[in-house]
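Asker: Sequence plus the predicted model coming up.
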Amino acid sequence: MVRCNKRVISRIDRIQSLGLVFADFTWKAGVAGFRRFNLIYGWNGCGKTTLTRLFDELSAATLPDLSYEIEDSNGAKFGPGDAFPTPIRVFNQDYIQKNVRVLESSANSISLLLGEENKELVAQIQQDEQELNGDPSNPEAIGKLRELEGYRQKKRRKEKENDTAFTDIARTIGAALASTGAASRTYRSPQAKTDFAALKEATILPEEEMAAHVLALKQDLLPEIPEVLVPAMGETEQVDALQTAQGCATLAETLCATTVETEVVSQLAANPEISEWVETGFHLHNRLGSGACEFCGNAIPVERLAQLARHFNDADRKLKADIEDVLVRLRSALIAVRACAVPDAARLYGELQNTYSAKARDFETAKAALETQITVLGQALQAKKSQTTVSTPLQVRLDTDTLANAISAANALISTHNVKSREFAKLQGQSISAIKAHYLSTIFSEVQERNQAIAALEEDLKRREEEITALRKRIAAARQKVSSAHAACGHINDGLRTFLGRDELRFEPLVEEVEGEDGTPTEVVVGYKIMRGGIPARYVSEGEKTALAFVYFVVHLNDGQFPKQTGIVVIDDPISSLDSTSLYQAFSFLKNAVLDCGQVFVLTHNFDFLKLLLNWRKSADRGGTGFYMIKNHVRDGARHATIEVMDKELLEYESEYHYLFKRLKEMRAAQDGSIMQAYPVPNIARKVWDTFLMFQVPSGAKPYKKMEELKAAGHDARKLDAIYKFTNDQSHITGAGFDPALVPETQKVLGELFEMMEAIAPGHYAILDGATPL
């Protein structure tokens, strides 16, 4: 770990969502922290450039899904949204793409502060930058940028608190609605925010109202229920049985008070049942013309028949007929009343059932009372038929109103039930809205307070951003006045000559006339023309493109805006596609460029370049240098990168051949039947095999011809053909996707490759195998 007063990076504790291989990274236990100089080796595709993008994020966040935690030399932790205190410059493929526009034959313009600038303007720039960035010697003078970030963080915290509140309350509302069965658990924070925006005031529901809404949502839609009809009677035309019964009661009162004049037979008057029996028999004998008693068989005396005729006269018969007519209607009314019934309470919604049950009991009580009253009335009329000669006061009264009122009360609740069924969806929607409003009201005050605070912060941020924009414009204008485009070209051209070891590629300033701040035309450098041997270059190689970008990067390190002695510099493969003759010049250029930087990270896949870096740092202060490598491991079917201590073979071996031979042995041991383990093998196998052939068949011929020579020498032709096909075909990208046959082919050919090496050069193989133990 770095131990100094500079705030530099000590370690990367974790990374999430950074590309494929750094999707889930954790610093490996036992790996020492970063030092001042850090050399990191890794193959192409292992994640070197991806890792450098993390350093870019520390300067300017561009990856919203990225999560990380780094630790500085003071033990402080930093993550997304935290301002890292030390400036960082990163050279990688992203930098090349952003800063070298080869298609336009130019690179981005550059402004330098070289020491020849006007002292007054420099003093103004320094003062403005201190106001903008803060005074390192005064902890209280943090600068407008950090002040702005502080207020932004306050605003973000308020917004996050609101987000958390809405997430939590949405979860509560979702659970409440889901528990009723009226809605699925899909209520989310955005819906809660939308519903909250429509809320004008807090509406906390009383417990009983809340319970009623919850109950309403738990209910299923029930069918409508027919209302209870007033008892009706009649086969052809239905008439109100209650009105009929009441009319019969009125007639009964009149009939019971009516008397008729007859010759009373005392025995019959005293015995109504005998009187009824005799009257029935008397009328039957008259109708049949019979003079004999059907009971005893004796002849009925004429005097007796005359006496009975006087007792049962026409007036008596009419009164009895009237009474019977009333009795018939009264019996029909009684049947109708008995048939009248109210629906079962279970057919109504739960909240209506208790009240309805009480009304149903009232109905049954009134119905039973009326049935009794009608029965008693009928009995009184029946008795009157045997007492037609005397007035018989009626003691019973019919109460039809109580039953009618009970029917109305039951129908009122049935009507409420039916209305709810017809408007069921609407009422459920109202209950859902009421429940949402209730829970949202529980956070109403706190959210409103935070919204007011956020609005105030937005006003303050707008003012601060305008101040910073004005300050930056003044700084930019001052820098423009003291920049030296020709001096910049000189620095770039000197750097290219040193880096490439030749002088044919040069920059010339591209000048354009623009409108100045006062409105007058002025000439400014907007880019650079690339010249090759005195004429405009038509193209540049990949190596030259990398060289242009790297030299441009190094010149920027000295532009006066980057504090090299305390800053952090990250460099990813600056020698891509360079030939071996330029390698040493590039190494020398890089070494001098970063020698006095606060902290340096150099990442490379080139073994020869790595050896130059290792020899330099081994002879320098080795304790101030960290040696690392990026390795890939397969976990859960995906590649994951780790930062590990550099293999001792890389530190000790002088050739890449030794190291790759060991890696190929490791790959053979790691084959598990997965495409992930087999995929990188062909490239390494080809490098090892080509180098082996270079030693064993030093003819200068192409690999295929060398294989033919080995066959001619008696070596296994089938195995040699399999090795050639595997290393030649599988190591080239075809664009056809993964070949499933690669897995078994890899397992088979790997074994045959080692077998052939041992068969062709057993002594060489034995030494190499012994020097690379697993």
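Answerer: Great, that's in hand.
Asker: by contact count, what packs against the helix or strand that contains Leu693?
Answerer: Secondary structure from DSSP states H and E places Leu693 in helix 681-696. Taking 3 or more C-beta pairs under 8 Å, 6 or more residues apart in numbering; DSSP states H and E as contact, the helices and strands that helix 681-696 lies on are helix 656-670, helix 703-712, helix 717-729, helix 742-760. (C-beta placed from N, C-alpha, C; glycine too.)
Asker: now for those, which one comes closest to Glu364?
Answerer: helix 742-760 (84.2 Å; C-beta to C-beta).
Asker: quick one: least confident helix or strand in this protein?
Answerer: strand 106-107 (a mean of 48; mean pLDDT, DSSP states H and E).
Asker: C-terminal to that strand, what's the next element?
Answerer: helix 119-133.
Asker: Serialize the helices and strands packed on helix 681-696 to a markdown table and add fields for distance to Leu319 and mean neighbour count.
Answerer: Below are those laid out as a markdown table (distance: least, C-beta to C-beta, whole Å; neighbours: other C-beta atoms under 10 Å):
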| stretch | distance to Leu319 | mean neighbour count |
| --- | --- | --- |
| helix 656-670 | 122 | 18 |
| helix 703-712 | 139 | 15 |
| helix 717-729 | 127 | 17 |
| helix 742-760 | 117 | 18 |
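Asker: and those helices as CSV, adding distance to Tyr439 and mean pLDDT?
Answerer: Formatted as CSV, the helices and strands packed on helix 681-696 follow (distance: least, C-beta to C-beta, whole Å; pLDDT from 0 to 100):
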stretch, distance to Tyr439, mean pLDDT
helix 656-670, 55, 85
helix 703-712, 74, 87
helix 717-729, 65, 88
helix 742-760, 56, 89
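Asker: Could you say which one of those helices comes nearest to Leu650?
Answerer: helix 656-670 (5.8 Å).
Asker: In whatever helix or strand comes next after that closest one, which residues are buried?
Answerer: Scanning forward in sequence from helix 656-670 by DSSP H and E, the next helix or strand is helix 675-678. Judged by neighbour count using 16 or more other C-beta atoms under 10 Å, the buried positions of helix 675-678 are 676-678.
Asker: before we move on, what about stretch 136-143?
Answerer: Gly143.
Asker: For it, measure first residue to last.
Answerer: 10 Å (C-alpha to C-alpha, to the nearest Å).
Asker: How far away from the center of its chain is that stretch?
Answerer: 42 Å (C-alpha atoms, centre = their mean, to the nearest Å).
Asker: can you pull out the helices in the stretch 301-450 of the chain?
Answerer: Assigned by DSSP state H, counting those that start in this stretch, the helices in the stretch 301-450 of the chain fall at 302-311, 314-339, 350-384, 400-422, 424-441, 444-482.
Asker: continuing past the longest one, what's the next helix or strand?
Answerer: Moving toward the C-terminus from helix 444-482, the next helix or strand (DSSP H and E) is helix 485-500.
Asker: Can you point out the buried residues in that following helix?
Answerer: For helix 485-500, using 16+ other C-beta under 10 Å, the buried residues are 485, 488-489, 491-493, 495-500.
Asker: One more: stretch 536-546?
Answerer: Under 16+ other C-beta under 10 Å, the buried positions of stretch 536-546 are 537, 540, 543-546.
Asker: Let me see the mean pLDDT of it.
Answerer: The pLDDT scores in stretch 536-546 average 77.
Asker: Any idea how far apart the tips of it sit?
Answerer: Using C-alpha to C-alpha, the two ends of stretch 536-546 sit 18 Å apart.
Asker: On the three-state scheme, the nearest residue to Val594 once chain neighbours are set aside is what?
Answerer: In this structure, Val594 finds its nearest non-sequential neighbour in Val600, 4.6 Å apart by C-beta to C-beta, 6 or more residues apart in numbering. State at Val600, reduced to three classes by DSSP: H, G, I helix; E, B strand; the rest coil: strand.
Asker: Asp56 is in contact with Val90, isn't it?
Answerer: Yes - counting by C-beta atoms under 8 Å, Asp56 touches Val90, with 5.0 Å between them.
Asker: Assumed Ile15 was part of a helix.
Answerer: No - with three-state DSSP as the criterion, Ile15 is located in strand rather than a helix.
Asker: could you list every residue that touches it?
Answerer: The contact partners of Ile15, taken as C-beta atoms under 8 Å, 6 or more residues apart in numbering, are 22, 24-25, 54, 66-68.
Asker: Asn606 contacts Asp573, correct?
Answerer: Yes - look at Asn606 against Asp573 with C-beta under 8 Å: they come within range, at 7.1 Å.
Asker: which of these two has more neighbours?
Answerer: Asp573 (22 against 19; other C-beta atoms under 10 Å).
Asker: right, and the more buried one touches His605 too?
Answerer: Yes - here Asp573 reaches His605: they are 6.2 Å apart, a contact under C-beta under 8 Å.
Asker: which neighbours do those two share?
Answerer: By C-beta under 8 Å, 6+ apart, the residues touching both Asp573 and His605 are Lys48.
Asker: element containing Ile630?
Answerer: strand 625-635.
Asker: so what strands line up beside that strand?
Answerer: strand 37-41 (parallel), strand 638-645 (antiparallel) (DSSP bridges).
Asker: Out of those strands, the one nearest Thr469 is which?
Answerer: strand 37-41 (37.2 Å).
Asker: May I have that closest one as PDB, with CA atoms only?
Answerer: The C-alpha coordinates for strand 37-41 follow below in PDB (Å, rounded to 0.1, in the frame of the first residue of the first chain):
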ATOM      1  CA  PHE A  37       4.300   2.600  -9.800                       C
ATOM      2  CA  ASN A  38       2.100  -0.300 -10.800                       C
ATOM      3  CA  LEU A  39       2.700  -2.700 -13.700                       C
ATOM      4  CA  ILE A  40      -0.300  -4.800 -14.800                       C
ATOM      5  CA  TYR A  41       0.000  -7.500 -17.400                       C
END
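Asker: which residues sit against it?
Answerer: So strand 37-41 is contacted by 48, 51, 599-605, 610, 613-614, 617, 620, 624-630, 643, 646, 650 (C-beta under 8 Å, 6+ apart).
Asker: ok, Gly495 touching Val555?
Answerer: Yes - under the criterion of C-beta under 8 Å, Gly495 makes contact with Val555 at 6.3 Å.
Asker: before we move on, the earlier item: so what pairs up with the residue nearest to Val594 in the strands?
Answerer: Phe37, Val569.
Asker: Verify the contact between it and Val569 for me.
Answerer: Yes - contact between Val600 and Val569 holds when scored by C-beta under 8 Å: they sit 5.2 Å apart.
Asker: what touches both of those two?
Answerer: Common neighbours of Val600 and Val569 (C-beta under 8 Å, 6+ apart) are Val594.
Asker: Which pLDDT value belongs to the residue nearest to Phe587 when sequence neighbours are not counted?
Answerer: Counting by C-beta to C-beta, 6+ apart, the nearest residue to Phe587 once its immediate chain neighbours are dropped is Leu612, at 4.4 Å. Looking at Leu612, its pLDDT is 88.
Asker: now Arg53
Answerer: 95.
Asker: Tell me which two in the buried residues of helix 485-500 are the farthest apart.
Answerer: So, those by C-beta to C-beta: farthest apart are Ala485 and Leu500, at 22.2 Å.
Asker: roughly how far apart are Tyr539 and Ile575?
Answerer: For Tyr539, the distance to Ile575 equals 20 Å [C-beta to C-beta, to the nearest Å].
Asker: Dump the buried residues of helix 485-500 into CSV; add pLDDT as well.
Answerer: Output for the buried residues of helix 485-500, formatted as CSV (pLDDT from 0 to 100):
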residue, pLDDT
Ala485, 42
Ala488, 64
Cys489, 74
His491, 78
Ile492, 79
Asn493, 84
Gly495, 83
Leu496, 83
Arg497, 84
Thr498, 82
Phe499, 81
Leu500, 80
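Asker: Perfect, that will be all.
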